[in-house]
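Peer 1: Quick one, fold the following:
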Amino acid sequence: MADETSFRQECLSVMLRLCEALAGLQVHGPAHAGAIRDPACGVLHSRGAEAVLPFAVAFKATGEQRWLSCALAAGDWLVGQQEADGSWRETPGIWQGTTTDQLLALCCALQAIEQAGSPVRDRRKRWGEAITRAADFIAGWVSEGTAHINYCATASAALAAAFQVTGDERHAARARQLARDIVTRKIDAAGFLFGEGHRFEGAVFGVDPGYNIDMSLWSLAFAARLLEDEEVENAAAASLRAHLPLVYPDGSLDNSWGVRSNKWTVYGSKTAHGCQAGFALLASHDPAFRTAGRRNLRFLEGMMCEGLVGYGPQWWERAESACIYPTFTRAANLALAVEYGQEGAEGPIPADAPFTAHLDTVGCAVIRTSGLMATVAASTYKDPAGGPKSKYMARPSGGGVTHLWFDGYGLLQVASQTRYRRWEPIHFPEAADLLPLSPRIEQTAGGRLFSSLNEFDASLTVEPGPPPRTAACGVLRDERGRPGRCRYEWRHEFTGNGVTKEARLKTKWRPGIVRIVEPVIEWAGTAVQRKDERTVEIRSPRGAFLLRVEEGSVALSTGGPAGRYWWPMPALQGHPITLSLEAGAFGGEQVIRYRFERVA
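Peer 2: The predicted structure follows:
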């Protein structure tokens, strides 16, 4: 395994590439000098100035004065954008919660450039006053009653960092209170942090592993480090370890099923910082942490183009630019890893050997065999507001595969949201009326669409095998949760070179149209061709697969409206394979068994 220095250097190297891109977008005045102009929308996002942190760390690491100039300009502009109450608006919107991120960046940047002499002494008073105002605002405003749990965690980190500047014990006390509250109340029995979904009577519910890994857990670890709180640090490390089964062999992070998976990019969450900070801060707790952080970093590099980070694996095949959020947030994350990372050995991650994990508190199973890795999701979390208006209820569920990855090939299948909406307009690109990338069972009856993806009451059983198996029972539902006329049991069996899927369907009178849709990722050069009535071939430069129908009467077809299968997040193009059933007018029971098998 590589040593600690090389991991730090790898983080620093990628951070400097991101900094080069951000520096090239920095405004040089006279108006808004120091701001970062977003090349995708032209907006001067207030959060873009969080680049002050990676710029400062770049100066500290290299000694190059240009990075100090960039940092000072970004920090000065950020201070100038502060509201009278001490907050920063997330421009062009009005959300104040991200003041936590801006405060943390400014505090850590100030610490990083202390040795620069007079230029920093000139800023210490003005930046220090801004830090005090922001810390006072956060201490009084951020709570579970006003923000999701990742903001409570980052507030703890930001206040701990602010204490290093202000010396105000109130900031340290509130930081400790927030962190202790999270680790004592908001981590479930399996180690998953919850609080990214709906709010009820002042408490927030729902698990999102993407935000946990990319935001909350490193924030808790950071606060624990500065506050010397061993209890919080150990709790953060234990929770991070519980998330390790979601790190795939290539370093991608599976958040296909989280309550905020609408921002999932395969490498992480679009507007979150990233995992390297957490894995580096907690490296001494588990040798797998450093390995996971390095692999994800290398995966992230594949998402970059000229120093900007895209929204997923195929983004740069379709786009010429990207919002700066993934770039400055990942740069800040790497800056934290460089500055605060611990020494520690490297060791294998769970995905380096076969395993079966039933993550029962979140309704999920993760399976690793000798040749593939897969996630099956049957989450039962519900937003009481429900229906198509809830951004937390567009995630896939129902017991289908949400992530199917093969050694030497990569993703064959992946889940998207069940419907695309611009839940947060500044973070979601415009897109047409998209169809899900997710494997699913569907029924069209009475002019309504019912899908397994909308089933949030499915029961999931997991057998470790060998071979490992899962089975989910439920009913097809529309987007409002109303049941259709088809009950199902969906079974999956995983081997070294493929997965067998079996759908046992029970339909009622006048069942309408029933089909199973199995989209595959259309990588460059992929050809999906029906070979005969029972077989489809998927072939690309990466390898080849056959989908064979082994039991049941279905009409097999491939293809669909390509534009409706391009998802800007996670930036992947799907190609649907459809198994249409011959359901009788009076319904009945049918068994459809088919297998994806790798043949090259």
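Peer 1: Pull the number of nearby residues for the closest residue to residue 345 other than its chain neighbours.
Peer 2: Leaving aside its sequence neighbours, residue 345 sits nearest to residue 287 (C-beta to C-beta, 6 or more residues apart in numbering; 4.5 Å). Glycine gets a C-beta too; all of them are placed from N, C-alpha and C. By the criterion of other C-beta atoms under 10 Å, residue 287 has 15 neighbours.
Peer 1: Dump the C-alpha coordinates for stretch 524-536 into PDB.
Peer 2: C-alpha atoms of stretch 524-536 as PDB (Å, rounded to 0.1, in the frame of the first residue of the first chain):
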ATOM      1  CA  ALA A 524     -19.500   4.800 -25.900                       C
ATOM      2  CA  GLY A 525     -19.600   2.200 -28.600                       C
ATOM      3  CA  THR A 526     -22.400   0.200 -26.900                       C
ATOM      4  CA  ALA A 527     -24.700  -1.900 -29.100                       C
ATOM      5  CA  VAL A 528     -27.900  -3.400 -27.700                       C
ATOM      6  CA  GLN A 529     -29.400  -5.900 -30.100                       C
ATOM      7  CA  ARG A 530     -32.100  -8.500 -29.900                       C
ATOM      8  CA  LYS A 531     -30.600 -11.800 -31.100                       C
ATOM      9  CA  ASP A 532     -33.800 -13.900 -31.000                       C
ATOM     10  CA  GLU A 533     -37.100 -14.100 -29.100                       C
ATOM     11  CA  ARG A 534     -35.400 -14.900 -25.800                       C
ATOM     12  CA  THR A 535     -32.000 -13.200 -26.000                       C
ATOM     13  CA  VAL A 536     -30.600  -9.700 -26.100                       C
END
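Peer 1: any chance you could map the helices in the stretch 301-450 of the chain?
Peer 2: 315-318, 325-340 (DSSP state H, counting those that start in this stretch).
Peer 1: Show me which of those helices has the highest average neighbour count.
Peer 2: Highest mean neighbour count among the helices of the stretch 301-450 of the chain (mean count of other C-beta atoms under 10 Å): helix 325-340, with a mean of 28.
Peer 1: what's that one packed up against?
Peer 2: helix 4-24, helix 52-62, helix 99-112, helix 217-227, helix 276-281, helix 287-301, strand 308-309 (3 or more C-beta pairs under 8 Å, 6 or more residues apart in numbering; DSSP states H and E).
Peer 1: Which residues does the helix or strand following the fourth one contact?
Peer 2: What that stands for is helix 217-227. Sequence-wise, the next helix or strand downstream of helix 217-227 (DSSP states H and E) is helix 230-243. Under the contact criterion C-beta atoms under 8 Å, 6 or more residues apart in numbering, helix 230-243 has outside partners 176, 179-180, 183, 187, 190-193, 209, 212-213, 217-218, 220-221, 223-225, 278-279, 282, 285-286, 288-289.
Peer 1: what sits against the closest residue in space to residue 278 that isn't next to it in sequence?
Peer 2: Nearest residue to residue 278, sequence neighbours excluded (C-beta to C-beta, 6+ apart): residue 218, at 3.2 Å. Contact analysis of residue 218 by C-beta under 8 Å, 6+ apart lists 157, 236, 273, 275, 277, 278, 281, 333, 336.
Peer 1: gap between the nearest residue to residue 196 once chain neighbours are set aside and residue 263?
Peer 2: Leaving aside its sequence neighbours, residue 196 sits nearest to residue 208 (C-beta to C-beta, 6+ apart; 3.9 Å). Distance, residue 208 to residue 263, using C-beta to C-beta, to the nearest Å: 9 Å.
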